[in-house]
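In: Compute the structure for the input listed below.
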Amino acid sequence: MVEFVERDFHAANEIAKSLKEFGVADRGRLHRADVYRWVERWQAPAEPVTIFLGPPFPDLEHRPEALVQAIVELQQKAAVGSVLVVQSEKSFVAEHLANGQPWDVRRYSRNQLALWRKPIVLS
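Out: Below you'll find the predicted structure:
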């Protein structure tokens, strides 16, 4: 199951339309919501998940604290082995995401992907 969180009315409609056109509407769930509020309520499954975040680019500049806090929450809630991917423009300093955790940053033209995998904690 893929979960999409989109606040913008038009973008959400396009996601819904695409899910239907590709015949995968039964494998996707669309949440028309503010992602920051959604993260607060998200109940992570017991198994690992892959979370792709494509935050609004203005948030990278004007709300970086809120974005980092949402990512930290996802990191804490997600099961061991889960993967987070944050897509941004390369002007965003991905090191802000580090929070003591290693991120693999890959650049593609003007875009970058920052990848993180939740490690197994040995006690």
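
In: Using PDB, list the CA coordinates for stretch 25-41.
Out: Once side chains and other backbone atoms are set aside, the C-alpha atoms of stretch 25-41 remain, and they are given as PDB (Å, rounded to 0.1, in the frame of the first residue of the first chain):
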ATOM      1  CA  ALA A  25      -6.200   2.800  -7.000                       C
ATOM      2  CA  ASP A  26      -6.700  -0.200  -4.700                       C
ATOM      3  CA  ARG A  27      -3.000  -0.100  -3.800                       C
ATOM      4  CA  GLY A  28      -2.800   3.600  -3.000                       C
ATOM      5  CA  ARG A  29      -4.400   5.800  -0.400                       C
ATOM      6  CA  LEU A  30      -4.600   9.500  -0.700                       C
ATOM      7  CA  HIS A  31      -4.700  11.700   2.400                       C
ATOM      8  CA  ARG A  32      -5.700  15.300   1.600                       C
ATOM      9  CA  ALA A  33      -4.000  16.800   4.500                       C
ATOM     10  CA  ASP A  34      -1.100  18.900   5.700                       C
ATOM     11  CA  VAL A  35       1.900  16.600   5.900                       C
ATOM     12  CA  TYR A  36       3.100  18.000   9.200                       C
ATOM     13  CA  ARG A  37      -0.100  17.200  10.900                       C
ATOM     14  CA  TRP A  38      -0.300  13.800   9.200                       C
ATOM     15  CA  VAL A  39       3.100  12.800  10.500                       C
ATOM     16  CA  GLU A  40       2.000  13.600  14.100                       C
ATOM     17  CA  ARG A  41      -0.900  11.200  13.700                       C
END
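
In: Arg29: neighbour count?
Out: Using other Cβ atoms under 10 Å, Arg29 has 12 other residues around it. For glycine as for every other residue, the C-beta is placed from the backbone atoms N, C-alpha and C.

In: can you check the one 10 residues further on too?
Out: Around Val39 there are 20 other residues, counting by other Cβ under 10 Å.

In: got the contact list for it?
Out: Contacts of Val39 were listed using Cβ atoms under 8 Å, 6 or more residues apart in numbering, and they are Ala70, Glu73, Leu74.

In: of all those, which comes closest to Glu89?
Out: Ala70 (18.2 Å; Cβ to Cβ).

In: Noted, bye for now.
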